[in-house]
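Undergrad: curious how this folds, go ahead:
(2 chains)
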Amino acid sequence: KAGVTQTPRYLIKTRGQQVTLSCSPISGHRSVSWYQQTPGQGLQFLFEYFSETQRNKGNFPGRFSGRQFSNSRSEMNVSTLELGDSALYLCASSEGTGGAYGYTFGSGTRLTVV
Amino acid sequence: DQQVKQNSPSLSVQEGRISILNCDYTNSMFDYFLWYKKYPAEGPTFLISISSIKDKNEDGRFTVFLNKSAKHLSLHIVPSQPGDSAVYFCAASEAGGTSYGKLTFGQGTILTVHP
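TA: This next block holds a predicted model:
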């Protein structure tokens, strides 16, 4: 079974630009969550999508948005990039129940804003 | 407000000995606790979980203990191996509602196992 695939692996953008990151979940998984990892804040939840609907959102500004397609693939978008958006962005997929079954993470996209 | 805390940034252990990683939490609504292992430039890998209705769960060399009254859990690795060297994250989830898909992570503990 293929794992969670995130593209691209690395990205360098300039302040003020926007960026789109992609996540393909494990086949059959309908839930996709996104996290931001930084040295100062650790791993923080961005949002979760299930069957194309956003069910939950973390405490991030509106510049961070996402969507999910009918095949469960998900994208997240960050507009008007700031230096502080430099981070490792991780997505995780699950069957939807989470909890004991855990979430399978992708390898992440390393975003550097210059 | 950090709801999940790992107070030890690092832990160094000799190969073959026991590694004990600790985690404290403040939110009584957490119903599952999970441990993840992470290597640099990779995503976290799920290790083991425990329901809030249990006090122990074992999987091979890994055992997680939960003390609900103390809001404390620990991960025991016995015996420790050099390949266990990584960052270990404690995470927690709440049941349904507005907590769908959300894991709350601790800051992580760097485990180094010396040969």
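Undergrad: from here on, just use CA atoms for contacts and neighbour counts.
TA: Fine.
Undergrad: find the nearest non-adjacent residue to residue 65, please.
TA: Let's take chain A. residue A:77 (5.2 Å; Cα to Cα, 6 or more residues apart in numbering or on different chains).
Undergrad: try chain B instead
TA: Once flanking residues are discounted, residue B:65 sits nearest to residue B:56: 4.5 Å by Cα to Cα, 6+ apart.
Undergrad: and the one you found, what's its pLDDT?
TA: Residue B:56 carries a pLDDT value of 97.
Undergrad: number of residues surrounding it?
TA: By the measure other Cα atoms under 10 Å in any protein chain shown, the count of residues near residue B:56 is 17.
Undergrad: can you check residue A:17 too?
TA: Each residue near residue A:17 was counted by other Cα under 10 Å, and the total is 12.
Undergrad: residue B:21 reaches residue B:109, doesn't it?
TA: Yes: distance between residue B:21 and residue B:109: 7.4 Å, which falls inside the contact criterion (Cα atoms under 8 Å).
Undergrad: mind listing what the closest residue to chain B within chain A touches?
TA: Across chain A, the shortest distance to chain B (Cα to the nearest Cα) belongs to residue A:107, at 4.2 Å. Each residue near residue A:107 by Cα atoms under 8 Å, 6 or more residues apart in numbering or on different chains is listed here: A:4-6, A:9, A:90, B:41-44.
Undergrad: contacts for stretch B:48-68?
TA: Looking at what lies outside stretch B:48-68 - Cα under 8 Å, 6+ apart - the contacts are A:100-102, B:30-36, B:72-79.
Undergrad: return the set of buried residues in it.
TA: With burial defined by 16 or more other Cα atoms under 10 Å in any protein chain shown, the residues of stretch B:48-68 counted as buried are B:48-52, B:56, B:62-66.
Undergrad: secondary structure class for the residue nearest to residue B:73 when sequence neighbours are not counted?
TA: With Cα to Cα, 6+ apart as the criterion, residue B:73 has its nearest non-adjacent residue at 4.4 Å, and that residue is residue B:66. Applying DSSP: H, G, I helix; E, B strand; the rest coil to residue B:66 yields a three-state assignment of strand.
Undergrad: and residue B:66, how far from chain A?
TA: Distance from residue B:66 to chain A, counting by Cα to the nearest Cα, to the nearest Å: 14 Å.
Undergrad: residue B:42 now?
TA: Counting by Cα to the nearest Cα, the gap from residue B:42 to chain A is 4 Å.
Undergrad: grab the nearest non-local neighbour of that residue.
TA: Using Cα to Cα, 6+ apart and skipping residues adjacent in sequence, the residue nearest residue B:42 is residue A:107, 4.4 Å away.
Undergrad: repeat for residue B:43
TA: The shortest distance from residue B:43 to any residue other than its chain neighbours is 4.2 Å, reached at residue A:107 (Cα to Cα, 6+ apart).
Undergrad: check residue B:27 too.
TA: Across the structure, with Cα to Cα, 6+ apart as the measure, the residue nearest residue B:27 apart from its sequence neighbours is residue B:3 (6.1 Å).
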